[in-house]
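In: need a structure here:
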Amino acid sequence: MLSKEIIESIKSKLNIVDVISEYVVLQRVGKNFRGLCPFHSEKTPSFYVSREKGLYHCFGCGASGDVIKFVQEIEGITFIDAVKKLADRAGIKLPEISSSRNEYYAKYVKLYTKLANIYHKNIFKQNELLNYLMNIRKIELSIIRKFKIGFCPPNSKSAYFEAKNLGVANSELRKFGLVNSKGVDFHNNRLVFPVYNDKGSVVAFGSRVIPNTITDLPKYINTPETPFFSKSKEFFCSTNAFDIAKEANFIILVEGYFDVLSLNVCGFENTVAPMGTSLSNDQIKKISKITKNVILFFDSDDAGKKATINLIPKLEENNLNIAIVNSREFKDASEILQRKNQEHLKKYIESAIGYEEFLVEEFSKSLNINNPASVEAFLEKIQPFALRMLEKRPVRYENLIKIINSKLGIRETISRTFFARNNEKTNQNSHVYAKKIVTKNERKNEVDLLVKIFVEHKHLRKRVLEIMRNYKSDLDDFGVSFLELIEKEKFFSEDLIIEKLSEKYSNRFFKILIMDIEQTGLNKVLLDCEEKLRKKHIFNEINKIDEKLKTTEGEEKKSLLERRMVLLSYLKGGKNLWQKKNPSKRDLKI
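Out: Purely as a prediction, here's the structure:
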């Protein structure tokens, strides 16, 4: 693979602002640049680029990274392809890329493909399973062959034998997610569904327990996370589903394997299912690059309706047009095909409704239009969606108002006034909150300052770590997370920290990166930070004593009160007393 030195050389030769400016309109803000985020829809710019650090970060959606990651994400290409593209731009000739990872991936895919073929052949030896698929589920033979649906026998060791033939070590089989702790195939005694990546290669399996089998095992399972499979990035679908979705200019999102198969039977090959009902940001980005039109066809039970409602804002945020199939008396697409026929299922797709109509239907289920309190409760439920539509989709908003007024039998001005008043309150609260955040950031707490000094001054890193370790229990959650990550990784890289920290903490870390502090008197700043943490520790110890005093009597109580007086004297004595007695954190513990 490419060395770290080559990667750093490419990044150092490029100006990240120049590269990103080809995709985003940026304006200078102090040392940094700001613009509208290209990874989600927004009206107020929250996307920042630091030329000095060579990093970008969006405080709206959390997207962040270096110039390579930006090109990779914005163009939807692999890391290697992004490196090649930027190396050309920087005028750097890349050495021959080692094929070790490619060979590793090739073995992985070859092994999965081999097993997919073996499992697929097995299905034709299982008459009961074929009968279940074709006559009960009504999945045509052509679809069974197209998706390579298979069967993994009980206690199968096919993975072990095929790995041996390919020279794959037994230890790798667990990493590949192909065997369980007993050494047998991970999906043994189950109906198997191969999962394909964007290149059309088998990279994982989904599986279902055999119908009519009594077991306490989960009904459906997926291959565990592997070096080449993440369920938050892949879909279950046919190998050409995205090509067809691009051509048709819409995609159908369903919940399960059999829903995908059933709609393929009906000719809707542009159907995909996430590996779980929750759709990740990576999956939404993948869809938005293919088409802007999405039909949601999740289960009609409460869980499916909740998943649909929760997904709407995420899809809206990415400027996707949403229609929804409300299957009502049927649980899902698969059940419609089972109990009815292909034509019936097609009609459901053709009768998909706008999401604003779906929301009114769902939120008005317990509505009593003759009860003002019930009407207000209904309007409050739908209000967040209405305000988002007002901001981003005015046409949808107008349609929503019409549907609501028709449902309630009220004048148009009532619903408009309700939403307008609440929109004004929301804006006022947001303004107040923003002012509080700015004020808080201007104060620059001790943890932020310690992290900032650690990042920018290598010669002071040892001192910073010493302070943070000594007062770890008195750091906030961000400080603890940062310290633990630095100690775990054993080296420091800004983009690595942003990537490894949670979204909430990576936002704060980026704010620290672009934060300005005076570069003179840094040792004094460190002493002040340490002093603040010492005082915080003393306050924490005093609070512990106060709690103990509530339930303590006699000599122990007397001892605690004396201890409390000593701690208070440290606080009142100020810096001179600290320097004179210099009590350590250990000395202060009860």
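
In: just for this structure, where's the confidence low?
Out: Applying pLDDT under 70 to the chain flags residues 1-2, 96-101, 277, 410-413, 422-443, 490-491, 495, 503, 571-590.

In: partners of the strand or helix carrying I295, with directions?
Out: I295 belongs to strand 293-297 when assigned by DSSP states H and E. Pairing partners of strand 293-297, with direction, according to DSSP bridges: strand 251-254 (parallel), strand 321-324 (parallel).

In: How far does the last one sit from its chain's centre?
Out: Distance, stretch centre to chain centre, for strand 321-324: 22 Å (Cα atoms, centre = their mean, to the nearest Å).

In: go on, stretch 372-387?
Out: 29 Å.

In: Buried residues, that stretch. List them.
Out: Within stretch 372-387, the residues that count as buried by 16 or more other Cβ atoms under 10 Å are V375, F378, L379, K381, I382, Q383, F385, A386, L387. C-beta here means a position set from N, CA and C on the backbone, and glycine is covered the same way.

In: in the stretch 101-250 of the chain, which spans are helices?
Out: For the stretch 101-250 of the chain, helices defined by DSSP state H, counting those that start in this stretch occupy the ranges 127-131, 141-147, 158-166, 170-175, 241-248.

In: Ok, which of those comes nearest E494?
Out: Between E494 and those, the shortest gap by Cβ to Cβ is with helix 170-175, which sits at 29.3 Å.

In: so which of the strands paired with strand 293-297 comes closest to K148?
Out: With Cβ to Cβ as the yardstick, what comes closest out of the strands paired with strand 293-297 is strand 251-254 (19.2 Å).

In: downstream neighbour of the closest one in the secondary structure list?
Out: Downstream of strand 251-254, the first helix or strand assigned by DSSP H and E is helix 257-265.

In: What is that next one packed up against?
Out: helix 141-147, strand 251-254, strand 271-274, helix 333-339, helix 342-350 (3 or more Cβ pairs under 8 Å, 6 or more residues apart in numbering; DSSP states H and E).

In: Just want the angle from the last one to helix 257-265.
Out: In terms of direction (axes from the mean of the first three to the mean of the last three Cα atoms, to 10 degrees), helix 342-350 departs from helix 257-265 by 100 degrees.

In: Listing partners with orientation, what would you give for the helix or strand just after helix 342-350?
Out: Once helix 342-350 ends, the next helix or strand along the chain (criterion: DSSP H and E) is strand 353-354. Strand 353-354 sits in its sheet next to strand 321-324 (antiparallel), going by DSSP bridges.

In: can you list contacts of the partner strand?
Out: Identification of contacts with strand 321-324 by Cβ atoms under 8 Å, 6 or more residues apart in numbering yields 292-297, 308, 312, 315-316, 352-355, 358.

In: before we move on, what about stretch 402-420?
Out: Counting by Cβ under 8 Å, 6+ apart, 356-357, 360, 364, 367, 369, 375-376, 378-379, 382-383, 386-387, 390, 401 sit against stretch 402-420.

In: Flag every buried residue along it.
Out: I403, I404, N405, K407, L408, S415, R416, F418, F419.

In: same question, stretch 525-540
Out: For stretch 525-540, by 16+ other Cβ under 10 Å, it's V525, L526, C529, E530, K532, L533, R534, K536, H537, I538.

In: Stretch 550-563 now?
Out: By neighbour count with 16+ other Cβ under 10 Å, stretch 550-563 contains the buried residues L560, R563.

In: how far is that stretch from where the chain is centred?
Out: Centroid separation for stretch 550-563 versus its chain: 50 Å, with Cα atoms, centre = their mean.

In: Could you do stretch 124-132 as well?
Out: With Cα atoms, centre = their mean, you get 39 Å for stretch 124-132.

In: now the end-to-end length of it.
Out: 12 Å (Cα to Cα, to the nearest Å).

In: Give me the contact list for that stretch.
Out: Stretch 124-132 is contacted by residues I123, I144, F151, L191, I210, P211 when judged by Cβ under 8 Å, 6+ apart.

In: and of those residues, the nearest to E484?
Out: Nearest to E484 among the contacts of stretch 124-132, counting by Cβ to Cβ, is L191 at 42.5 Å.
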